[in-house]
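**Q** Fold the following and give me the result.
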Amino acid sequence: MIEQQTFNNRYRLDRKLGEGGMATVYGGTDTVLRRRVAIKVLRPQYAADVEFVRRFYQEAESAARLSHPNIVNTYDVGREGETYYIVMELVDGAPLAEIMNDGPLPEPVAIDYAAQICNGLAYAHRSGLLHRDIKPANILVTKDDVVKLSDFGIARAVSQQTMALTKPGLVMGSVYYISPEQAQGHELHESSDLYSVGIVLYQMLTGKLPYTGDSPVTVALKHIGDPVPVIDADTSSISPALAAIVNKLLQKRPENRFHSASEVATALREARERPSVAAYQIADDAPTQMMYSVLPPRRSPMPDRSLANGEEEPRRSTGLGWVVALVLLALLATGIGYVLFGRPLTLPSITASSITVSDYTNMTDTEAEAAVVNAGLVARFIKSPSDTVAANHVIRQNPAPGTRVDRNALVELIVSNGLPMVGLPDVRGYNVSDAQRTLQDDGFKVKLNDRYDNAPKDSVIDQSPKARSQVRKGAVIALVVSKGPESVAAPNFVNMGVGDAQIMAQKLGVVLDTSQQVADPNVPDGVIDAQDVLPGTAITRGQTIHATVSTGAPATSQTVAVPSLVGMKYKDAVQQLQTLGFQPAITFSTQADRNGTIVGQDPPPGAQVTGGKRVTLTLSVNGEVPDTEGETLQQAQDTLASYGYQVGKIQYTTTEGANGNVVRTDPMAGSNVTPGSPVTIIVNGTGP
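**A** Coordinates of the predicted model:
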């Protein structure tokens, strides 16, 4: 368990990224250089071994000198107490092993990844460093499809140490990817790494491993003695050229494989150009029978037995005879050459002046093409999306800068065709602020257009391009935002028949409520006597206007004295009139000092009026929408009425406010709005 969160007062452990057989990987921060890093902390069993620690420091420091686009940079190696760690580049991507979980990779992708692996290996091999543990878990792929090899120093140190720890027996490590010579404990060369590349390439193309077994020993024996795996180009979608490369990489004898990682990278490029042409013959140099004695023998309490009578010693391979025959043929050819031409007969050699590949990254495709051609090379462009490189600029290249190649060699330039295509989220129905934030968080730009609609004000009613379509990251998304229902001027329904009034209301898009009735001797039966919204007031379509319909003269002519209402609060004055059977009508007077009180009435106090007669009240208002935040819905309705405003609509939200109380109004509190206008109330909750 790591108790300290910061190593050597510099490297802070932020979060665990994963665990392996020999180390735990953390995402961390270099607090001195202020950069994100990956920190590998070695497991205690390795830290306790003095010989391993010595090799670990030596190889990790060698790996730190490697600087190549296809190798994960090693920044530092250190110790905190009894804990040893390596500080490395934090790669924004995924291991190849994770990518291959979905099955085989397309051939162009597999070739591209394998060529980049070989570019990194070629650089390391030229620097005198073998990897010894090439496997998908140690191959990282960035979001821009740049392949990076990791664990150079750790792999070599562990490889050498496990050899010492496990003899006699089988070496530890990634047995599915080790070369035959590594399984036998022989000296390793560059071709051993190339064998592992062949296993990885085979797995990328087929989705499976060439050798499997119930135990590491079984798998190792298959590496040594089983036939070389062959990919059948006739029955698979894999090209003959690539199948031949995999076969050559997986030959048992190192001398029968490719001689360098650069040679493999060149072969892969040629396979991409001419997939139907197999440049190498399918071969199998596995021994005719499995030679189990190549592994260090297990100790046995019984002495080795001698050959029993009648048993023959295993026959020696006839390979030596062929070698002798070939040598004699070569000498004969040399002799013929002296006789015929006075000089040895030699095979023709092809020589060409080599060229150092320049760095074309970040150039435009036009600039890069000109530079490649001027250098005597051939350019080939491959389009790829990129989050970081501008369109029509080179993301990466193959071969890597500094590589020596022949004249007219092919240089692959991976060119950005802009940001990647991504799915567009559906933000219809969102509040415009939430929609903008969602889209901008996904890397899009937003353009707003508004129009009148019955949808709630400031809600998104449409978007372009369409939701869930594939669009380029960073594209401009047009949102159509509701301005709410279009406002109209309230008509004058007074003195209109109910039928005519309803027709007019329907044409204007408003709702006319005629459920209230009053006996008025001055207005004929079935004619509208009053309405609660003053004519000419701006209202929204769909708003309800409450009208009072006259039933004609009352049955009795009894009169009632009009009470004195001046100075009373609006609500109290209206309730008193309704109790006495009068029909209140409201006019407004803008006054700052007597807001919400009655400042005039008609008829005057004491006047004898027939029951059901209309009494007009003059309400003092200040012309500003009141603050109702935190009030109950009923309290807010009463407050708005006392300030001279109608309740237009009631909207509900679950993202603002609490306890079912009023969140805000529209127009907002403090807005200068004509008295009698409708005001929308926004309430916390889901509504009735």
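
**Q** wait, what's in contact with residue 454?
**A** Neighbour list for residue 454: 482, 485, 541, 542 [criterion: C-beta atoms under 8 Å, 6 or more residues apart in numbering]. Backbone N, C-alpha and C define where each C-beta goes, glycine included.

**Q** helix or strand for it, which one?
**A** Counting by DSSP states H and E, residue 454 is held by no secondary-structure element, helix or strand.

**Q** For the chain, which element, helix or strand, carries the lowest mean pLDDT?
**A** Among the secondary structure pieces of the chain, namely its helices and strands, helix 319-341 has the lowest mean (mean pLDDT, DSSP states H and E), a mean of 41.

**Q** tell me which residues in the next helix or strand after that one are buried?
**A** Using DSSP H and E, the helix or strand that follows helix 319-341 in sequence is strand 354-356. In terms of neighbour count (16 or more other C-beta atoms under 10 Å), strand 354-356 has its buried residues at residue 355.

**Q** Any chance you could list what contacts the helix or strand just after strand 354-356?
**A** Later in the chain than strand 354-356, the nearest helix or strand by DSSP H and E is helix 365-374. Outside of helix 365-374, the residues that reach it under the criterion C-beta under 8 Å, 6+ apart are 358, 360, 363, 378, 379, 381, 392, 393, 394, 411, 413, 415.

**Q** The helix or strand hosting the last one vs helix 365-374, what angle?
**A** If I follow you right, that is residue 415. Element membership of residue 415, judged by DSSP H and E, is strand 410-416. With axes from the mean of the first three to the mean of the last three C-alpha atoms, to 10 degrees as the basis, strand 410-416 and helix 365-374 are set at 170 degrees to each other.

**Q** So for strand 410-416, mean pLDDT?
**A** Average pLDDT, strand 410-416: 92.

**Q** Could you do stretch 260-277 as well?
**A** 93.

**Q** Please spell out which residues along that stretch are buried.
**A** For stretch 260-277, the buried set under the neighbour-count rule, 16+ other C-beta under 10 Å, comprises 260-262, 264-272, 275.

**Q** By neighbour count, which of the contacts of residue 454 wins?
**A** In terms of neighbour count, residue 485 stands highest of the contacts of residue 454 at 21 neighbours, by other C-beta atoms under 10 Å.

**Q** any low-confidence regions in the protein?
**A** Low-confidence segments of the chain, defined by pLDDT under 70: 1-4, 21, 55, 58-59, 153-173, 288-353, 554-557, 611-612, 688.

**Q** mind giving me the domain ranges of it?
**A** Following automatic domain parsing, one finds the domains of the chain at 6-89, 93-294, 354-416, 421-482, 623-688.

**Q** and of these, who's closest to residue 525?
**A** domain 623-688 (27.8 Å; C-beta to C-beta).

**Q** tell me the SS of residue 649?
**A** Judged by DSSP: H, G, I helix; E, B strand; the rest coil, the three-state class of residue 649 is strand.

**Q** what do you get for residue 137?
**A** Three-state secondary structure (criterion: three-state DSSP) places residue 137 in helix.
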